[in-house]
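Enquirer: Got a predicted structure here, sequence first:
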Amino acid sequence: MKSRLSIILLCLLTMFGMAKAQKKANLDRVKAQKVAYITDKLALTPAESEKFWPVYWEYSQKVQQLRKDNKPSKPIEQLTESEANALINQDLDAEMRAVELKKTYYREFLKTIPATKLAKLDLAERGFKKELIRVIGERRGRK
(Lines give C-alpha, C1' and ligand atoms only; values in the text may rest on other atoms or scores of the structure.)
Protein backbone atom coordinates (compact mmCIF):
# COMPACT_ATOMS: atom_id res chain seq x y z
CA MET A 1 0.00 0.00 0.00
CA LYS A 2 2.81 2.38 0.90
CA SER A 3 4.63 1.72 -2.39
CA ARG A 4 1.41 2.31 -4.35
CA LEU A 5 1.01 5.69 -2.65
CA SER A 6 4.64 6.52 -3.43
CA ILE A 7 4.11 5.66 -7.10
CA ILE A 8 0.97 7.81 -7.28
CA LEU A 9 2.79 10.68 -5.60
CA LEU A 10 5.72 10.32 -7.99
CA CYS A 11 3.35 10.33 -10.99
CA LEU A 12 1.60 13.46 -9.73
CA LEU A 13 4.90 15.25 -9.16
CA THR A 14 6.08 14.24 -12.63
CA MET A 15 2.87 15.52 -14.22
CA PHE A 16 3.18 18.79 -12.30
CA GLY A 17 6.78 19.17 -13.43
CA MET A 18 5.81 18.48 -17.04
CA ALA A 19 3.00 21.04 -16.90
CA LYS A 20 5.35 23.62 -15.44
CA ALA A 21 7.95 22.88 -18.13
CA GLN A 22 5.29 23.22 -20.85
CA LYS A 23 4.21 26.59 -19.45
CA LYS A 24 7.83 27.81 -19.44
CA ALA A 25 8.31 26.57 -23.01
CA ASN A 26 5.18 28.47 -24.09
CA LEU A 27 6.38 31.64 -22.35
CA ASP A 28 9.81 31.30 -23.96
CA ARG A 29 8.18 30.87 -27.38
CA VAL A 30 6.01 33.98 -26.90
CA LYS A 31 9.07 35.92 -25.73
CA ALA A 32 10.98 34.87 -28.86
CA GLN A 33 8.04 35.87 -31.06
CA LYS A 34 7.89 39.24 -29.31
CA VAL A 35 11.59 39.80 -29.93
CA ALA A 36 11.16 38.97 -33.61
CA TYR A 37 8.04 41.14 -33.99
CA ILE A 38 9.43 44.22 -32.24
CA THR A 39 12.87 43.86 -33.82
CA ASP A 40 11.15 43.86 -37.22
CA LYS A 41 8.80 46.78 -36.46
CA LEU A 42 11.64 48.92 -35.07
CA ALA A 43 14.02 47.73 -37.81
CA LEU A 44 16.72 47.04 -35.24
CA THR A 45 20.16 46.11 -36.49
CA PRO A 46 21.92 43.17 -34.83
CA ALA A 47 24.17 45.61 -32.94
CA GLU A 48 21.17 47.62 -31.74
CA SER A 49 19.31 44.45 -30.72
CA GLU A 50 22.25 43.24 -28.69
CA LYS A 51 22.19 46.43 -26.60
CA PHE A 52 18.42 47.08 -26.62
CA TRP A 53 16.95 43.74 -25.51
CA PRO A 54 18.69 43.36 -22.13
CA VAL A 55 17.52 46.85 -21.14
CA TYR A 56 14.02 46.12 -22.48
CA TRP A 57 13.67 42.89 -20.45
CA GLU A 58 14.88 44.66 -17.32
CA TYR A 59 12.28 47.39 -17.92
CA SER A 60 9.53 44.81 -18.61
CA GLN A 61 10.35 42.95 -15.42
CA LYS A 62 10.05 46.15 -13.37
CA VAL A 63 6.74 47.08 -15.03
CA GLN A 64 5.42 43.59 -14.33
CA GLN A 65 6.51 43.83 -10.68
CA LEU A 66 4.82 47.23 -10.37
CA ARG A 67 1.55 45.72 -11.65
CA LYS A 68 1.90 42.73 -9.34
CA ASP A 69 2.51 44.97 -6.33
CA ASN A 70 -0.58 47.01 -7.18
CA LYS A 71 -3.10 44.16 -7.21
CA PRO A 72 -5.89 44.52 -4.66
CA SER A 73 -5.79 42.10 -1.75
CA LYS A 74 -9.39 41.02 -2.33
CA PRO A 75 -11.99 41.27 -5.12
CA ILE A 76 -13.07 44.85 -5.85
CA GLU A 77 -16.72 43.90 -5.25
CA GLN A 78 -15.84 43.10 -1.63
CA LEU A 79 -14.10 46.41 -0.84
CA THR A 80 -15.50 48.85 1.66
CA GLU A 81 -15.79 52.51 0.68
CA SER A 82 -12.57 53.42 2.49
CA GLU A 83 -10.72 50.43 0.96
CA ALA A 84 -11.95 51.45 -2.49
CA ASN A 85 -10.70 55.01 -1.94
CA ALA A 86 -7.34 53.67 -0.81
CA LEU A 87 -7.19 51.45 -3.90
CA ILE A 88 -7.93 54.42 -6.17
CA ASN A 89 -5.11 56.40 -4.59
CA GLN A 90 -2.81 53.38 -4.82
CA ASP A 91 -3.67 53.00 -8.53
CA LEU A 92 -2.91 56.66 -9.20
CA ASP A 93 0.41 56.41 -7.35
CA ALA A 94 1.29 53.26 -9.31
CA GLU A 95 0.52 55.03 -12.60
CA MET A 96 2.84 57.87 -11.61
CA ARG A 97 5.57 55.37 -10.72
CA ALA A 98 5.01 53.64 -14.07
CA VAL A 99 5.44 56.92 -15.94
CA GLU A 100 8.63 57.69 -14.01
CA LEU A 101 9.91 54.20 -14.75
CA LYS A 102 9.12 54.65 -18.44
CA LYS A 103 10.91 58.01 -18.54
CA THR A 104 13.97 56.50 -16.87
CA TYR A 105 14.13 53.52 -19.19
CA TYR A 106 13.41 55.53 -22.34
CA ARG A 107 16.54 57.53 -21.52
CA GLU A 108 18.38 54.21 -21.29
CA PHE A 109 16.85 53.00 -24.55
CA LEU A 110 18.10 56.16 -26.27
CA LYS A 111 21.62 55.03 -25.40
CA THR A 112 21.00 51.85 -27.43
CA ILE A 113 18.76 52.91 -30.34
CA PRO A 114 17.91 56.18 -32.11
CA ALA A 115 14.81 58.18 -31.14
CA THR A 116 13.23 57.47 -34.54
CA LYS A 117 13.13 53.79 -33.63
CA LEU A 118 12.22 54.26 -29.97
CA ALA A 119 9.23 56.38 -31.01
CA LYS A 120 7.77 53.23 -32.60
CA LEU A 121 8.12 51.04 -29.49
CA ASP A 122 4.69 51.64 -27.92
CA LEU A 123 2.96 51.02 -31.24
CA ALA A 124 5.00 47.85 -31.81
CA GLU A 125 4.17 46.53 -28.33
CA ARG A 126 0.45 47.17 -28.88
CA GLY A 127 0.65 45.51 -32.29
CA PHE A 128 2.27 42.44 -30.79
CA LYS A 129 -0.39 42.19 -28.07
CA LYS A 130 -3.16 42.45 -30.69
CA GLU A 131 -1.51 39.76 -32.79
CA LEU A 132 -1.04 37.50 -29.77
CA ILE A 133 -4.69 37.92 -28.75
CA ARG A 134 -5.79 37.17 -32.32
CA VAL A 135 -3.70 33.98 -32.47
CA ILE A 136 -4.91 32.79 -29.07
CA GLY A 137 -8.49 33.49 -30.09
CA GLU A 138 -8.06 31.49 -33.29
CA ARG A 139 -6.56 28.56 -31.39
CA ARG A 140 -9.38 28.54 -28.87
CA GLY A 141 -11.93 28.77 -31.67
CA ARG A 142 -10.51 25.66 -33.33
CA LYS A 143 -10.74 23.51 -30.21
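Expert: Arrived safely. In this text the structure is predicted, and so the values were computed from the model without any measurement.
Enquirer: Residue 113: what secondary structure?
Expert: coil (DSSP: H, G, I helix; E, B strand; the rest coil).
Enquirer: so who does the residue nearest the centre of the chain touch?
Expert: For the chain, residue 64 is the residue whose C-alpha lies nearest the centre (Cα atoms, centre = their mean; 6.0 Å). Contacts for residue 64 (Cβ atoms under 8 Å, 6 or more residues apart in numbering) come out as none. (Glycine included, C-beta is placed from N, CA and C.)
Enquirer: Now do it, the pLDDT please.
Expert: At residue 64, the predicted lDDT confidence score is 94.
Enquirer: Please, which helix or strand holds it?
Expert: helix 46-69 (DSSP states H and E).
Enquirer: low pLDDT regions in the chain?
Expert: 1-24, 142-143 (pLDDT under 70).
Enquirer: Burial check on residue 31, number of neighbours?
Expert: 12 (other Cβ atoms under 10 Å).
Enquirer: Quick check: the residue nearest to the centre of the chain vs residue 94, distance?
Expert: Distance check for residue 64 against residue 94: by Cβ to Cβ, to the nearest Å, it reads 12 Å.
Enquirer: residue ranges for the helices of the protein, please.
Expert: Secondary structure of the chain (DSSP state H): helices at 2-42, 46-69, 81-109, 115-118, 121-142.
Enquirer: Using TSV, please lay out those helices together with distance to residue 75.
Expert: Shown next, in TSV, are those (distance: least, Cβ to Cβ, whole Å):
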stretch	distance to residue 75
helix 2-42	25
helix 46-69	17
helix 81-109	11
helix 115-118	38
helix 121-142	24
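Enquirer: Is there a neighbour count for the closest residue to residue 55 other than its chain neighbours? I'd like the number.
Expert: Spatially, and ignoring its direct neighbours in sequence, residue 55 is nearest to residue 108 (5.1 Å; Cβ to Cβ, 6 or more residues apart in numbering). As a burial measure, residue 108 scores 14 neighbours (other Cβ under 10 Å).
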